[in-house]
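**Q** Based on what follows, work out the 3D shape:
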Amino acid sequence: HVFAPDNMYDTNHLTFVDPTGFDHTSEGKTRPGFFRGVATIVTKLLNIIQPTNAYFGQKDAAQCVLIRRITEDLNMDVSIKIMDTLREPNGLAMSSRNVYLSAKERDAASILYRSLCVAKKLYEEKLSGDGKLKLHAQVVKSAVMDMLKSELMVTEVQYVSIDSKDTMAPLQEIGSDGTKCDVVLDIRSTRI
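**A** Sure, this is the predicted structure:
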């Protein structure tokens, strides 16, 4: 069976899940109310379906952090599984938004993946160095921005953020436990 409801919100719907702290993240600032919507719909779906496991793609890392927070904070009996991002051959994450990109724009959009690779390389080099990892977030942000600026089809970088992978709180320094690097940009008029 496939769960395919006509409507998840009836006309008298008044209750929402409003997660604290997420509107102060880079993504929350650019999309007010977004995390409230995600939190509410995912909570409704998990309550209706009551799965043992729920699978989410790493591409939407902020949403993954949110969903883990919801299920832990609300004691939901579900195991959240975060799956690797599926990518096009050029590294661009597979997404429904990709249909809005021309062939040239799709090629240019691979700059996002290449910029994340720069961040990962900086982290790995520092980690393999003296073993005392303290990498300043601003160093990573600057390297990512430099890479993004090399692509002429990038019309706007909405943000580059270095955040805790557990709480989404911005980090000043990256330790050996890692981080979450989020990049949102526009290739011409398409947000990726």
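
**Q** Tell me who's in contact with the closest residue to residue 159 other than its chain neighbours.
**A** With CB to CB, 6 or more residues apart in numbering as the criterion, residue 159 has its nearest non-adjacent residue at 4.2 Å, and that residue is residue 26. Using the backbone N, CA and C atoms, a C-beta is placed for each residue, glycine as well. Neighbour list for residue 26: 158, 159, 161, 163, 170, 182, 184 [criterion: CB atoms under 8 Å, 6 or more residues apart in numbering].

**Q** Ramachandran angles for the residue lying closest to the fourth one once chain neighbours are set aside?
**A** Of all residues not flanking residue 163 in the chain, residue 180 sits nearest, at 5.0 Å (CB to CB, 6+ apart). Here is the backbone geometry of residue 180 (degrees, to the nearest 10): phi -120, psi 120.

**Q** And for residue 50?
**A** Main-chain torsions, residue 50, degrees, to the nearest 10: phi 50, psi 60.

**Q** next one: residue 117
**A** Reported as degrees, to the nearest 10, the phi and psi values for residue 117 are phi -70, psi -40.

**Q** For it, give me the pLDDT.
**A** Residue 117 carries a pLDDT value of 97.

**Q** looking at this, residue 159 is in a strand?
**A** Yes: secondary structure of residue 159 (DSSP: H, G, I helix; E, B strand; the rest coil): part of a strand.

**Q** So the residue nearest to residue 159 versus residue 59, what's the distance?
**A** Relative to residue 59, residue 26 is positioned 16 Å away (CB to CB, to the nearest Å).

**Q** which residues does residue 189 contact?
**A** Residues near residue 189 by CB under 8 Å, 6+ apart: 100, 155.
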